[in-house]
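Trainee: okay, here's the prediction I keep looking at, along with the sequence it came from:
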2 protein chains.
Amino acid sequence: MTNPDNTVSFQNLQNFIQQCFEATGMSAHDAGRAAGLMARADLIGQDGHGVFRLPQYIKRIEAGGLNVTPDIHSVEDRKATALVDGDNGLGHLVMSHAAELAIEKAASTGIGWVGARHSNHAGPASLYAMMPLERDMIGIYVAVGSANHLPPWGGTEMLLSTNPIAIAIPSATNPPIVLDMATTVAAYGKVKTAAQRGETMPEGWMIDRQGQPLTDPARASEGFLLPIGGPKGYGLSLVFGILAGTLNGAHFGRDVVDFNADSKTTTNTGHFVIALDIGAFTDPDRFKAGIDEIWTQMKASPLLPGVKEIRLPGERLAQVTAQRTKDGIPIPQPLLEALSKVAEKLNVSPLATGN
Amino acid sequence: MTNPDNTVSFQNLQNFIQQCFEATGMSAHDAGRAAGLMARADLIGQDGHGVFRLPQYIKRIEAGGLNVTPDIHSVEDRKATALVDGDNGLGHLVMSHAAELAIEKAASTGIGWVGARHSNHAGPASLYAMMPLERDMIGIYVAVGSANHLPPWGGTEMLLSTNPIAIAIPSATNPPIVLDMATTVAAYGKVKTAAQRGETMPEGWMIDRQGQPLTDPARASEGFLLPIGGPKGYGLSLVFGILAGTLNGAHFGRDVVDFNADSKTTTNTGHFVIALDIGAFTDPDRFKAGIDEIWTQMKASPLLPGVKEIRLPGERLAQVTAQRTKDGIPIPQPLLEALSKVAEKLNVSPLATGN
């Protein structure tokens, strides 16, 4: 299905992204770190949140909307909590810093909850929720989405974003359980993909301003995403937005900047990340064996007619990661062309594809 | 609509429940505390989780399935976390203890996350999420539900419960935002209510074992509740169950005891409660003013056709609480009769109704 000429190794992808960032004036350290996280987003199958975003980030840097030499630092600090000011740096740098701080606090107190403000789009939520895993910790990450796509339940003013949550839980012999979900039935990226493919959306993804089902993705701008469970998903989006945004002094509600439409205005994106030390509750090996038992129980459930197998959150992520580690990361032709333009503009070597 | 003879004051309701519990051998202190929380559940409008449950609790106590003199104590303790063993006591006693401990830890470290095992049904989630509010803290509560009502997505074995979450956030002049939701489209109590009233359920609440919509609540035992957002709600139920159950050494998955069908077997119910100190992130008054601004923004949104107003989570709770504080708590006739039987059996004075 994929043209092998259009695959790229993790290392080559990271190197390419790093060179692009360095060409904008970012330090080698920061550029390497951000590039590793972006390439990892592609490696784990989050195609819409990896190198796909590079042209947009570069555009924002060139427009003066993103600080390539941020001073990321804590403005509040308690034993188990902190508030980090990202100084308008790349979200990847801010949130990997925040996750490390949360892990450090969890090792000392059992839990670390670190919020961030003056940050930016940080890629997929699961990246940061998974960081605590290798320390036998559970990770939780929530963000204010980078554009508003839904109104409060019953309304028509888009005041809320898809505000995603990710929760990562380690197991002993199975992949970690990694839930990474928007609080809407469909993420906006799925609407854009349907539009590109000329497909019709199922009822339940979007409604228009009359409250009627909207199934033509080309008309997406005339409607809103629907939250999961109706008022429940609205409630989740609202409280997650407050915890990730308002509590941290970051934008939420009417203040949110649509980073797709505006590359210049500071987004003041808010997020938070939690590391929870399993050892503060039980023996980590015993816990991880318990998660294996849960995998076994769920997988063994009899199936509804037409269903092939029960899936657990994180299962596809692990499969894609293993496959792409072995075979390389596929880069669609239009993206490859967009990255060539970026490379040319920044005067760096183009992305090296092929195995 | 309500017969005024069937209303009861908060104080009379608490006194009645306390007398019932004392008659089972519970200490006056514990009985008063549990009774206050149960009466409060009714005061805030959570009718299915207040005194409605008393006959069931008494039945469980008499069957030997609930310990009326529990030694509730921490088995793990770190600076910002603890694991409480409820010694098979009433969930209300275990989780109010846990919430107080979480608040104490948050005051010292910024956050407290306290898990519990060997607990029982604790009434509405919002009770415990709201406890931190008066200390200018945000509260979060999650529980493993007390009976399994849904399979993993695509399966037919009921391994998961509605595992609810509650999040409470204070405001300056508006009611607190209190989200209290099951991870299913409808809570099982709504199905039971529809059955009692002989109503048809809307499609989307339940499916049968062939995956077809189930709309006759009398057939509820032939099907399953549907999670919000399909696989997303399944994922939330799964990870909440792990965090509230498995992490604490409490039952989850196949182990969960249906406390409606079985009054004797120890439930080993798991929950956790988080207190997050707003002052660890920002000035609490500034934060609460920000929540007022969010109320204003949401309320001001233009409306979809046919919608009367935007509601915020916690709005109805505040309205019902104010009304019932003034007018008393309505007790439906069948419940009043059930409570009379409990009073007679325990040889305590019947519930004093009327204003």
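Mentor: Perfect, I can see it now. Numbering: from 1, shown residues only, chains lettered A, B, ... in the order given.

Trainee: all strands for chain A, in order.
Mentor: Under the criterion DSSP state E, chain A contains strands at A:7-8, A:73-77, A:81-85, A:111-119, A:137-143, A:165-169, A:177-181, A:206-208, A:213-214, A:223-225, A:269-277, A:329-330.

Trainee: redo these as JSON lines? Include mean neighbour count and mean pLDDT.
Mentor: Just so you know, the C-beta spots here come from the backbone N, C-alpha and C atoms, and that holds for glycine as well. Shown next, in JSON lines, are the strands of chain A (neighbours: other C-beta atoms under 10 Å in any protein chain shown; pLDDT from 0 to 100):
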{"stretch": "strand A:7-8", "mean neighbour count": "22", "mean pLDDT": "96"}
{"stretch": "strand A:73-77", "mean neighbour count": "15", "mean pLDDT": "98"}
{"stretch": "strand A:81-85", "mean neighbour count": "25", "mean pLDDT": "98"}
{"stretch": "strand A:111-119", "mean neighbour count": "30", "mean pLDDT": "98"}
{"stretch": "strand A:137-143", "mean neighbour count": "27", "mean pLDDT": "98"}
{"stretch": "strand A:165-169", "mean neighbour count": "26", "mean pLDDT": "98"}
{"stretch": "strand A:177-181", "mean neighbour count": "24", "mean pLDDT": "97"}
{"stretch": "strand A:206-208", "mean neighbour count": "21", "mean pLDDT": "95"}
{"stretch": "strand A:213-214", "mean neighbour count": "18", "mean pLDDT": "96"}
{"stretch": "strand A:223-225", "mean neighbour count": "25", "mean pLDDT": "93"}
{"stretch": "strand A:269-277", "mean neighbour count": "29", "mean pLDDT": "98"}
{"stretch": "strand A:329-330", "mean neighbour count": "22", "mean pLDDT": "96"}
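
Trainee: so which of these gets nearest chain B?
Mentor: Across those, the minimum distance to chain B, taken as C-beta to the nearest C-beta, is reached by strand A:81-85, at 3.1 Å.

Trainee: so what does the closest one touch, helix or strand wise?
Mentor: Using 3 or more C-beta pairs under 8 Å, 6 or more residues apart in numbering or on different chains; DSSP states H and E, the elements in contact with strand A:81-85 are strand A:73-77, helix A:91-109, strand A:111-119.

Trainee: now do the helix or strand bottoming out on mean pLDDT in chain A: everything it contacts.
Mentor: Using mean pLDDT, DSSP states H and E, helix A:188-197 stands out as the lowest-scoring helix or strand of chain A, at a mean of 85. Counting by C-beta atoms under 8 Å, 6 or more residues apart in numbering or on different chains, helix A:188-197 makes contact with A:48, A:147, A:149, A:162, A:200-201, A:205-206, A:217-218, A:220, A:225, all of which sit outside it.

Trainee: make it 7 Å
Mentor: Counting by C-beta atoms under 7 Å, 6 or more residues apart in numbering or on different chains, helix A:188-197 makes contact with A:48, A:149, A:162, A:201, A:205-206, A:217-218, A:220, A:225, all of which sit outside it.

Trainee: got the confidence number for A:Asn3?
Mentor: The predicted local distance difference test score for A:Asn3 is 58.

Trainee: wait, A:Ser340 touches A:Ser349, no?
Mentor: No: if you go by C-beta atoms under 7 Å, A:Ser340 and A:Ser349 don't touch, sitting 10.6 Å apart.

Trainee: more crowded one of those two?
Mentor: In terms of neighbours (other C-beta atoms under 10 Å in any protein chain shown), A:Ser340 is the more surrounded of A:Ser340 and A:Ser349; the figures are 12 against 9.

Trainee: and the spatially most central residue of chain A, what is it in contact with?
Mentor: In chain A, the C-alpha closest to the average C-alpha coordinate belongs to A:Pro124, at a distance of 1.6 Å (C-alpha atoms, centre = their mean). Neighbouring residues of A:Pro124 by C-beta under 7 Å, 6+ apart: A:41, A:46, A:49, A:180.

Trainee: want to try TSV for the strands of chain A, with distance to A:Ala322 as columns?
Mentor: Supplementary listing: the strands of chain A in TSV, determined by distance: least, C-beta to C-beta, whole Å:
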stretch	distance to A:Ala322
strand A:7-8	15
strand A:73-77	37
strand A:81-85	33
strand A:111-119	30
strand A:137-143	20
strand A:165-169	17
strand A:177-181	14
strand A:206-208	34
strand A:213-214	38
strand A:223-225	32
strand A:269-277	25
strand A:329-330	13
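
Trainee: before we move on, back to that, save the helices and strands packed on strand A:81-85 as a markdown table, and put in distance to B:Thr7 too.
Mentor: As requested, the helices and strands packed on strand A:81-85 are arranged in a markdown table below (distance: least, C-beta to C-beta, whole Å):
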| stretch | distance to B:Thr7 |
| --- | --- |
| strand A:73-77 | 47 |
| helix A:91-109 | 47 |
| strand A:111-119 | 43 |
